[in-house]
Structures are given as structure tokens and as C-alpha cells.
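Participant: Predicted coordinates and the sequence they were generated for:
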Amino acid sequence: MTNRQQIVDCARSWKGVPFIHQGKTRDGVDCYGFILGVVNELGIAVNHTPINDYPRIPDGRMRNLLQEALEPRKFLDRKPGDILVFAWGGEPQHLAILASQDSVIHAYGSDQRGGVVETRLAGRLLDRIRGVYAIPGVE
């Protein structure tokens, strides 16, 4: 069984992987591909509907893509290893892994620059959280 620290450690091992829209490997990832890459590497079965060719600004297919496979959690009950959903422009469209109570690991940027980074969870980023989700079966 996978534990939360293993999720965080695996996520940290992806730091520096370049940002590529729709990327899902260590050659390049976007925020969705990063989450899938981490859970796949750890052998965690996530029951989600895979999609391809999604737009940079998500449409209805992206809105609940991983949320259908995860367990909702209250923000105050968040724990490292949880998945956070952020809103940009009012729409939920960015995912990250909570590394600690005050940092997240996520794929962020553009195809020209950016990648997987660990960022302090504060200010505008903190204000944009729209959901906290636990991965089922992770202790």
C-alpha cells in the first residue's frame, strides 16, 4: 500500500521535468499528466476517464476528470499527498500535489518555459484552491 510520503517523494523526483501541454511522461508533462505520471509510477489505480486532445483552457471534459476518481476532503483536513484543484479565470483548471501544509508540487508554465516545480502555497495561489481530494487507498 502506498503512503502519503511516497506520493510526495515521487512527486519531488519529477521536479525539473519540462512543461509540455498534454504531456504525460518524464519527457514533459502538464499538470494533469504530472498527476497521472506520479500515480502510475507508484502503481496506484485511479479510476478516471482518460481523455486526449484537451484544450489549454479546459472544457467540461476536464472539469471533473480526476475528481470522479478521488475522495473530496475539507481544506482544513488536507494532508500531504492530497491533490489540490485550482481555478484560473473562475474555472477549475489546474492540479497540484500537496507536499506540505504550505507547499505544492505541480507542472506549471508554457511549452516554451516552465516545468514541474515546488511552490509555496500562499497568496493568490492559496486563494485559487477550489477543491482538495485524497487518493483512495492511500494512508
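Facilitator: Perfect, I can see it now. Numbering: from 1, shown residues only.

Participant: Low-confidence stretches in the protein?
Facilitator: Per-residue confidence for the chain (pLDDT under 70) gives these ranges: 47-68.

Participant: Which strand in it has the most residues?
Facilitator: strand 91-100 (DSSP state E).

Participant: Which elements pack onto it?
Facilitator: helix 4-13, helix 31-41, helix 60-63, strand 83-88, strand 103-109, strand 129-134 (3 or more CB pairs under 8 Å, 6 or more residues apart in numbering; DSSP states H and E). Glycine gets a C-beta too; all of them are placed from N, C-alpha and C.

Participant: Now render those as CSV, adding distance to residue 72.
Facilitator: CSV is the format used below for the helices and strands packed on strand 91-100 (distance: least, CB to CB, whole Å):
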stretch, distance to residue 72
helix 4-13, 17
helix 31-41, 16
helix 60-63, 14
strand 83-88, 10
strand 103-109, 18
strand 129-134, 6
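
Participant: how about these, which one is nearest residue 77?
Facilitator: Nearest of those to residue 77, taken as CB to CB: strand 129-134 at 7.5 Å.

Participant: can you give me how far stretch 31-43 is from the chain middle?
Facilitator: 8 Å (CA atoms, centre = their mean, to the nearest Å).

Participant: Adding mean neighbour count, write the helices and strands packed on strand 91-100 out as TSV.
Facilitator: Compiled in TSV, the helices and strands packed on strand 91-100 are given as follows (neighbours: other CB atoms under 10 Å):
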stretch	mean neighbour count
helix 4-13	18
helix 31-41	22
helix 60-63	12
strand 83-88	19
strand 103-109	22
strand 129-134	18
